[in-house]
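Asks: Any chance you can model this:
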Amino acid sequence: MSNPNNDPNNLANQFGKMNFDPNQSFQYDPNQSFQYNPNQSFQYNPNAQGYNNYNQGQQGYNNQGYNNYNQGYNQGYNNYNQGYNNYNQGYQQGYDQFQQQQQQPNSNQMTMEDFEKQKAAAEPAKPKVKKVLKLSGSSSIKIGGAKKPVVKKEEPKEEAKPAQTAVAKEESKPAQAATPVESRASSTAASPAPKSSTPAPADISKEQEDTIDPAVVNDMFGGKDHCSIIFMGHVDAGKSTMGGNILYLTGAVDKRTVEKYEREAKDAGRQGWYLSWIMDTNKEERNDGKTIEVGKSYFETDKRRYTILDAPGHKLYVSEMIGGASQADVGVLVISARKGEYEAGFERGGQSREHAILAKTQGVNRLVVVINKMDDATVGWSEDRYKECISKLGMFLKGVGYAKDDVVYMPVSGFTGAGLKERIPSDQCPWYKGPALLEYLDNLPLEQRKINDPFMLPVSGKMKDLGTVVEGKIESGHIKKNQNLILMPNKVNVEILTIYNETEAEADSAFCGEQVRLRLKNIEEEDVMPGYVLTSPRNPVHTVTRFEAQVAIVELKSILSSGFSCVMHVHTAIEEITFVQLLHKLEKGTNRKSKKPPAFAKQGMKIIAILEVPEPVCLETYEDYPQLGRFTLRDQGQTIAIGKVTKLLN
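Replies: Have a look, this model is predicted:
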């Protein structure tokens, strides 16, 4: 009997040589077969480079016979298989089948030719796996712990790079820090535009004007225009109660619903709060008796359609109030005449003062000051108390920037309804002869709507409802169902699937000034954030990270210098912002710019500065689009400055 260790056909010798050699090649012989010889012995051959798992195989052979040897032999084969993944995958499957047949004493031997036939026969039986690749435009998280969606940044022009660096490093140089973005008014006059360039707003306006039939718009709303009013003021001033009573008096809420709220409030020990529950639908708001988010409700009079925005009065929710004020046409500042409450709301730290400043900053140029709770036992419709309240307020509002003709005062009782819809009876308040609140609002002239301007809607909220739904106020232009828009700053093309108006009914179109909800196609809910802007794809809103602005410091305990960071509220966006460079100080009265840049700014000063945000934000100059060009700066829970964008920088 020949020595099996010297036999070149011995498989133990062959695979012992295949432990690992990166330069080794392997010849495949389809006619090769594997036969079992019970008399064959397997010993270690040092000339064949050894067998990695020889000890395991030898021990298994001695103790359990050929089956355990095959286990060790298979381990070696698998090691070899790592080097030859594609070929040996099928080969290993065939060898496994051979092992199972070999272990049966009466089974026939299988050749590689038989194996190939069996493999070919088994191929059609394999289930086909359908691979789906899901693409997502960005990842996001919500404000207050959520990550912002990734925004596509435009590559800056080469000539702008050194200029931007110069601003960041050399603060003493004047403000040719970055290339200005062409304004809307001059973008088409500077140079001839190529064929693919963005058309001028005048061209867009003409196109949109041609699609609007004024008679259709008039018939759609019965000749009534829309007005958004925001109720603001200190906590417990009576804003929600007044808003709820207006909805009841105008028929927006029926008597049965009011009686239901009255019973529930009585059972909860809150007998006097039932009218506020019409506005405060949140359980937490009802339990605590304070509004924590901007409530929205709709009502109509004989002359107009209204949306009430009920702003929170607590200082912890000022951000919500700012977002509501950015969508309002008229502000209603609710002041409590009750002893102690007026003083708490108007003194330093009270929200009546801050709300008046924020409303002016957000573009609420018409203000109705209602002196509420005149029926209270501590007031009793006293004319002296009324005059005391309005005299202090008048001086403050003048300092904020409200002209005398833009502010009106009136006494009311939000709980009884006196002075809301109907004038106050003369026997109850003989000294006031003015109009009721709704009477005044119905006859108040509103700014002309920019129905034919390029479409813009800053997103104030979002939700999932059979798709992605966003809400906000249309600042300019108009839209129709199935119209294509672009969402900035992440530059996503979307389609309007459904339009919901103030009553949450479906509509075929919507116009400037209206509060709407839009169901969008081609975007996920997590890829939308408050502060994004839906805009015309042919004339999109600008997105920048740097801009020049005029800033007025209204309340700041320390000083402000380059590198100072705070929070900016602009339209519905909230962004962290940094003062990159102070450029000029403005003289009081003349607004003349200083020749030298100031080293710092403090309370009462006006300055020109370059500001920077970490991610692109939707902005326009105040001159082109006031609502997208005015902002408020806050730090450590208080409003420190107001400003307007004067120049957009790349």
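
Asks: ok, and for stretch 400-413, which residues are buried?
Replies: Buried residues in stretch 400-413, counting neighbours by 16 or more other C-beta atoms under 10 Å, are found at 400, 402, 407-413. Yep, even glycine has a C-beta here, placed from its N, CA and C like the rest.

Asks: list the contacts for the residue lying closest to T535 once chain neighbours are set aside?
Replies: Distances taken as C-beta to C-beta, 6 or more residues apart in numbering place V541 nearest to T535, at 4.7 Å, with adjacent residues excluded. By C-beta atoms under 8 Å, 6 or more residues apart in numbering, the contact set of V541 is 456, 488, 533, 535, 618-620, 628.

Asks: measure K557 to A356 for me?
Replies: From K557 across to A356, the span is 21 Å (C-beta to C-beta, to the nearest Å).

Asks: okay, those two: which has more neighbours?
Replies: Just comparing K557 and A356: by other C-beta atoms under 10 Å the higher neighbour count belongs to A356, 26 against 10.

Asks: my read: the more buried one touches G399, true?
Replies: No. Applying C-beta atoms under 8 Å, one finds A356 not in contact with G399, separated by 9.8 Å.

Asks: For G604, give me its contacts.
Replies: I553.

Asks: Need the three-state assignment for it.
Replies: What DSSP: H, G, I helix; E, B strand; the rest coil gives for G604 is coil.

Asks: Would you mind measuring from it to T646?
Replies: Taking C-beta to C-beta, one finds G604 at 20 Å from T646.

Asks: From the structure, what's the count of residues near E264?
Replies: By other C-beta under 10 Å, neighbour count at E264 equals 14.

Asks: Could you check how far F631 is from F600?
Replies: Counting by C-beta to C-beta - F631 and F600 are separated by 21 Å.

Asks: got it, and A418?
Replies: 52 Å.

Asks: Quick check: which element contains the residue nearest to V567 when sequence neighbours are not counted?
Replies: Spatial nearest neighbour of V567, chain neighbours left out: R634 (5.0 Å); criterion: C-beta to C-beta, 6+ apart. R634 belongs to strand 630-635 when elements are defined using DSSP states H and E.

Asks: Over to V368?
Replies: Secondary structure (DSSP H and E) places V368 in strand 366-372.

Asks: SS state for the closest residue to T378 other than its chain neighbours?
Replies: The shortest distance from T378 to any non-neighbouring residue, by C-beta to C-beta, 6+ apart, is to K339 (4.1 Å). Secondary structure assignment for K339 (three-state DSSP): coil.

Asks: Would you check that H584 makes contact with R592?
Replies: No. Applying C-beta under 8 Å as the test, H584 and R592 come out as separate, 9.1 Å apart.

Asks: Give the residue from those two that has the larger number of neighbours.
Replies: A side-by-side neighbour count of H584 and R592, using other C-beta under 10 Å, places H584 first with 20 against 11.

Asks: Surely the more buried one is in a strand?
Replies: Yes. Counting by three-state DSSP, H584 is located in a strand.

Asks: Contacts only, for it.
Replies: For H584, the contact set (C-beta under 8 Å, 6+ apart) comprises 593-594, 597-598, 607-608.

Asks: Show me which of those are buried.
Replies: Burial by neighbour count, 16+ other C-beta under 10 Å: within the contacts of H584 this picks out 597-598, 607-608.

Asks: Among those, which are located in strands?
Replies: The strands, defined by DSSP state E, take in 607-608 from the buried ones among the contacts of H584.

Asks: now the buried ones among the contacts of H584 in CSV, with pLDDT?
Replies: As requested, these are exported to CSV (pLDDT from 0 to 100):
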residue, pLDDT
P597, 92
P598, 93
I607, 95
I608, 96
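
Asks: With respect to S476, which of the buried ones among the contacts of H584 is nearest?
Replies: Closest to S476 out of those is I608 (27.2 Å), distances taken as C-beta to C-beta.

Asks: Touching, that closest one and K593? I think so.
Replies: Yes. Using C-beta under 8 Å, I608 is in contact with K593, at 6.6 Å.

Asks: Now for these two: what residues contact both?
Replies: Common neighbours of I608 and K593 (criterion: C-beta under 8 Å, 6+ apart): 584, 586.

Asks: The stretch 251-400 of the chain: strands as residue ranges?
Replies: Ranges of strands in the stretch 251-400 of the chain, per DSSP state E, counting those that start in this stretch, are 295-300, 304-310, 330-336, 366-372.

Asks: looking at those, which is buried most?
Replies: Greatest average neighbour count among the strands of the stretch 251-400 of the chain goes to strand 330-336 (a mean of 26), per mean count of other C-beta atoms under 10 Å.

Asks: Grab the nearest non-local neighbour of I246.
Replies: Closest to I246 by C-beta to C-beta, 6+ apart is L420, at 5.8 Å.

Asks: Burial check on that neighbour, number of neighbours?
Replies: When neighbours are defined as other C-beta under 10 Å, L420 has 24 of them.

Asks: Ok, K647 next?
Replies: Number of residues near K647 (other C-beta under 10 Å) recorded here: 18.

Asks: Give me the three-state assignment for it.
Replies: strand.

Asks: Tell me the bridge partners for it.
Replies: Per DSSP bridges, residues listed as beta-bridge partners of K647: E548.

Asks: what ranges do the strands span in the stretch 451-600 of the chain?
Replies: 456-458, 461-464, 468-473, 478-480, 484-488, 492-500, 506-507, 509-511, 515-521, 533-535, 542-553, 565-570, 573-586.

Asks: Any chance of CSV for the ones you listed, columns distance to G251 and mean pLDDT?
Replies: Shown next, in CSV, are the strands of the stretch 451-600 of the chain (distance: least, C-beta to C-beta, whole Å; pLDDT from 0 to 100):
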stretch, distance to G251, mean pLDDT
strand 456-458, 29, 94
strand 461-464, 27, 87
strand 468-473, 24, 92
strand 478-480, 29, 91
strand 484-488, 35, 94
strand 492-500, 21, 93
strand 506-507, 21, 89
strand 509-511, 24, 90
strand 515-521, 20, 92
strand 533-535, 33, 95
strand 542-553, 44, 95
strand 565-570, 35, 94
strand 573-586, 36, 94
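
Asks: now for those strands, which one comes closest to V370?
Replies: Between V370 and the strands of the stretch 451-600 of the chain, the tightest spacing by C-beta to C-beta is seen for strand 515-521, at 22.2 Å.

Asks: That closest one packs against which elements?
Replies: If you count contacts as 3 or more C-beta pairs under 8 Å, 6 or more residues apart in numbering; DSSP states H and E, strand 515-521 packs onto strand 468-473, strand 492-500.

Asks: Return the most buried member of these.
Replies: Counting by mean count of other C-beta under 10 Å, strand 468-473 has the highest mean neighbour count of the helices and strands packed on strand 515-521, with a mean of 22.

Asks: Taking strand 484-488 as reference, get the angle to that strand.
Replies: Interaxial angle, strand 468-473 versus strand 484-488 (axes from the mean of the first three to the mean of the last three C-alpha atoms, to 10 degrees): 80 degrees.

Asks: Looking at the contacts of V541, which is nearest F579?
Replies: L619 (16.2 Å).

Asks: Check the burial of that closest one by counting its neighbours.
Replies: The number of residues near L619, taken as other C-beta under 10 Å, comes to 27.
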